[in-house]
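Colleague: Using only what follows, build the 3D model:
(2 chains)
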Amino acid sequence: MIAIINNLIQLLVILLLAPMVDGLIKKSKAFSQKRQGAPILQMYYDLFKLIKKDSVVSETASWIFKATPYIVFSTTAAAALLVPVTTLLPAVPFPGDIILLFYLLALGRFFMCISALDTGSTFGGMGSSREAMISSLIEPSILVSIFTIGLIAGSTSIHQMMVTMAAVGNPLFQPVFILTFLAMLIIILAETSRIPVDDPATHLELTMVHEAMLLEYSGKHLALMEYSAAVKQLILITLVANLFLPADQLIPFAGSGGFLLSVALYFLRVVLLSAMIAVAEISTVKFRFFSIPNLAALAFILSFLGFLQYFILGR
Amino acid sequence: MNWFAPDYLLYGSMITYLAAAIAAIIFYKHPHLCTQSAQAGCILASVLGAASAVRLLLSGQEKIILKPFESTIPYVSVSMTMDALSAFFLLILSVLTLCVSIYSIGYTAHYHGKRNVSLFHFLYSTFILSMLLVFTADNAVFFFMAWEIMAVLSYFLVVFESEQEENRQAGLLYIVMTHLGTAFLMIAFMLMFYYTETFDLSASSQHIPETGRNLMFLFFLIGFSTKAGVIPLHIWLPYAHPAAPGNISALMSGIMIKTAVYGLLRFVFLYLGVETPWWGAVILVIGMSSAVFGVLYAFIEQNIKKLLAYSSIENMGIIFIGLGIAFLAFARENHWVGALALTASLLHCFNHSLFKGGLFLGVGSIHYATHTKNMEKLGGLIKRMPVTAVFFLGSALSISALVPFNGFIGEWLTYQSIFASISSGNAALNIAYIVSVAVLALSGALAAACFIKLFGISFLGLPRSDHAAYAKEVPLAMNLGSGILAFLCLLFGLLPLIPLNLLSRVIASITGNGVVGQLQGGFLAAWYPLKISGNNNAVSPLLIFVSILLLAALALAMLRILGGSRRERKYGTWDCGFGSLTPRMQYSGTAFSKPMKIVFKIFFQSSRDLKLQGDHPYHPESMEYTITTESVFEKYIYIPLLVWVTAWSKRVKLMIQTGSVHTYLLYIFVAVLVLMLYNRIG
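Modeller: Presented below is the predicted three-dimensional model:
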């Protein structure tokens, strides 16, 4: 029972924090551009505004269109259940498997892509087709990266992987982890539809991927879709934060004090990674669509070299 | 006497298949009666077959031997053995046959009065019976006979709608390729007899020297790979599957191509043994190339049945990856990893027969309702065929390896077996293993993209032609057949231990290594997790599914509490203010796969041709846009080969076939003389 409550607390941390991380990234971008920018909590206001609005559903759409926001949200939130915020609590009533995590996110993506085709709109088809391509090309680097970390930890359980990395101490002092970390950063940019892969701020049909799929959504449905995207982003950031920047080994005491400290450290690392993502976004431009394979290839080579460094040269 | 013993059930099953075939002939004047009696026979026979297989697997009996009659031909015995491996494949066959036969009751109704229904049902029942014999034959010659009968009957079924030229051509290609494979198998069996002087499979293969083993492996591999349709021997598959009637494609893709996996296990794994590491490596490489190329060609395909056919090539690739890893692991004496990989591979065989069977039946329903296989003429079917759409979506989710369907379990176990292989591998093999991880990831993601395209373009949006606009829901029997398959996909995805418990007995019996209980998990107490005992990696699909349901309910409740109840308005799709959208403005299947076609253009050899008519380039009167893609394998391997063979045989014909009788008499004389001399000296 305690394990389940611990798990729910961690889920709650991710669910509550997710919109703020989005705000943090936007604020950092605004800061670099000498703008004041929207408040950090803007996304919460937006979501509350949206859920109080009526939704418009296309006449062409079927039940897929209406079910998708709930499926996307529930699969993303279920994925959040698998990713521990802190390794200190024996929180997982079932071992969260990292392959399962990415296949859960893929389930949400599958429905998002078909819902975009459901309305018969050209934009939807465009977004769906592009998303299918980007996600297919980035998938090999994801699996190779998580295999590298998983093999070093001797397990595909996320909790076990995080514990191992905490025991390593400073992973980023070792070449294998630097390479995998860089690959994971590119993966986050691609998976969360950020520059240089996609532009979250634009609604111009030539550039948009993720936004094109959401174009027909409004009201509650849109709120759920936007919220799920933010949760997915925080899941990936949490994963990278706890795998590559582990801090739980620094905490000297156990119990609830230790837990709170761990969450505070977690929060700091999330802020740091959000700032890194913002820096990555402002220091590049959006790639031409057919340059994205190059980026995916770069991510693959980084993750592959990471594997080779550890398992071929390292032994 | 126990009438429910596996051997009686198996006899019963075979007799019932025969009875169904005979019933089909007897009632040839009454199409309805013919369909119903033949398919009812097949349903009963498949239930008996499944019962026999499950009883054998659960009883722990090693094997049963059936000897219906003594054969008078030397070295050939008409005897059948059902051990755990045969039983497992018999189970796959029976489950699929059950659903396909239910479906066929509705599906073949459109043949009534137009075609020879009696012939169709005769071929259908005997085709299934021939596969049953392939799985149980324990004498190489008897196996070979069953194999040939299976090939020929399936050829007749492929060309059943023979009035179309393309179906006849597909059939020709199929029969040529399948006989190419048969030729290699025949050489392998002859080598087997040469070394052991018996065709009996239970005989020992110890005395076969190293060279003989390697040669036999290669011949078996080529022979069986042709049936499996793995790259580069796949070229018949994307033509034959679309040509065959819907229910036959489901059987061919669901189970017939898996006779190759059975053959490789029976003749190579069990008979020859796996001491040589390069065998596994070859299978792994074939598997990887099939997985990637299969799915790439599937993704750019607009013909819905051809898309599924290419997807079968991809899935055979995944099965071969598992086999290759198993062979490598056993060759390196790593039995635990080998057993895990074999489990993954065989489970994927079972899963693939369920979801691909369901998908082919679904596509058969689409064809039944719309009379087209072209995706660009479909659209909006979810509103006209809601039940078909739901079952199709279930199978599509499953083949995309998404939780909580059974496809995910197979994919996860394959990943886990690679994981376990790397943990215990050496440097050179580790590179191959990690490449296969990347290949699996790429093909998995592309398969999902493929089925987003197939489902999204055919079932969603606006109808692109009148065919789709006036489609009607198919009869109940058809939906029942594909519905059971989709339901089984979900059931075995949520409770993966049901098939795995049966499968672990197979693995334990054929690896001779106590691996039973390797995949274990407590019932509901621990949420039924699927666990690998070696490294404690686990997933619990049931728990995830329940969490997803609870979280969706939570989302509904929170939106209601925080947002209050809000209206939902119906309105047109956003058209940028230019007036109403037409179906032509939707994304087409070609457009959907265009980005991938550009990224991987080297494999597609695509060329485009744009014809404009009118004076002004920006305002043409009419426009014609053609895009063609070619398979690299056909263009660079098969067509040059064909050209060369034709040219060569023309030359040889001029040399030796002069047309004069006395030359031919000379040939006969020389042949007899040489044979007599050989006999004298040899």
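
Colleague: What's the first helix or strand after the helix or strand hosting residue B:451?
Modeller: For residue B:451, the host element (DSSP states H and E) is helix B:427-459. Next helix or strand after helix B:427-459 toward the C-terminus (DSSP H and E): helix B:466-469.

Colleague: which parts of the helix holding residue B:451 are buried?
Modeller: Neighbour-count burial for helix B:427-459 flags B:429-459 (criterion: 16 or more other Cβ atoms under 10 Å in any protein chain shown). In short, each C-beta sits where N, CA and C put it, glycine included.

Colleague: Contact partners for residue 135?
Modeller: Just so you know, I chose chain A. Residue A:135 makes contact with A:106, A:109, A:190-191, B:445, B:448-449 under the criterion Cβ atoms under 8 Å, 6 or more residues apart in numbering or on different chains.

Colleague: Chain B, not that one
Modeller: Shown in contact with residue B:135 (Cβ under 8 Å, 6+ apart): B:82, B:86, B:89-90, B:93, B:259, B:262.

Colleague: Swap in 7 Å and give it another go.
Modeller: Residue B:135 is in contact with B:86, B:89-90, B:93, B:262, counting by Cβ atoms under 7 Å, 6 or more residues apart in numbering or on different chains.

Colleague: so which of the buried residues of helix B:427-459 are also by chain A?
Modeller: B:430-431, B:434, B:437-438, B:441-442, B:444-446, B:448-449, B:452, B:455-457 (Cβ under 7 Å from any Cβ of the partner chain).

Colleague: So which residues of the chain form strands?
Modeller: As the question left the chain open, I've gone with chain A. For chain A, strands defined by DSSP state E occupy the ranges A:55-58.

Colleague: Please refer instead to chain B.
Modeller: Counting by DSSP E, chain B has strands at residues B:63-66, B:80-83, B:519-520, B:530-532, B:538-539, B:568-571, B:607-613, B:622-628.

Colleague: got the buried residues for the first one?
Modeller: Read that as strand B:63-66. Going by neighbour count (16+ other Cβ under 10 Å), the buried part of strand B:63-66 is B:63-64, B:66.

Colleague: what's the closest of those to residue B:224?
Modeller: Nearest to residue B:224 among the buried residues of strand B:63-66: residue B:63, at 22.2 Å, using Cβ to Cβ.

Colleague: Quick check: that closest one touching residue B:85?
Modeller: No - here residue B:63 lies out of contact with residue B:85, judged by Cβ atoms under 7 Å, at a distance of 9.4 Å.

Colleague: How many neighbouring residues does residue B:605 have?
Modeller: Look at residue B:605: counted by other Cβ atoms under 10 Å in any protein chain shown, it has 14 neighbours.

Colleague: Would you mind measuring from it to chain A?
Modeller: Separation of residue B:605 from chain A (Cβ to the nearest Cβ, to the nearest Å): 18 Å.

Colleague: Now that residue: closest residue in space, sequence neighbours ignored.
Modeller: For residue B:605, the nearest residue in space outside its immediate sequence neighbours is residue B:630; the separation is 4.3 Å by Cβ to Cβ, 6 or more residues apart in numbering or on different chains.

Colleague: State the distance from that neighbour to residue A:210.
Modeller: Remark: distance between residue B:630 and residue A:210 (Cβ to Cβ, to the nearest Å) = 34 Å.

Colleague: Which of those two has more residues huddled nearby?
Modeller: Set side by side, residue B:630 and residue A:210 show more neighbours around residue A:210, with 21 against 14, by other Cβ under 10 Å.

Colleague: Can you list the low-confidence ranges for the chain?
Modeller: All of this refers to chain A. Low-confidence segments of chain A (pLDDT under 70): A:1, A:89-95, A:205-206, A:314-315.

Colleague: nope, chain B please
Modeller: Chain B contains residues with pLDDT under 70 at B:1, B:425, B:512-529, B:533-535, B:682.

Colleague: Next up, the contacts around the residue of chain B found nearest chain A.
Modeller: Closest contact between chain B and chain A, by Cβ to the nearest Cβ, is at residue B:587 (2.3 Å). Counting by Cβ under 7 Å, 6+ apart, residue B:587 touches A:117, A:122, A:125-126, A:129.

Colleague: how does it look with 10 Å?
Modeller: Contacts for residue B:587 (Cβ atoms under 10 Å, 6 or more residues apart in numbering or on different chains) come out as A:116-117, A:120-129, B:453, B:456-457, B:461, B:594.

Colleague: Ok, residue B:645 next?
Modeller: With contacts defined as Cβ under 10 Å, 6+ apart, residue B:645 is in contact with no residue.
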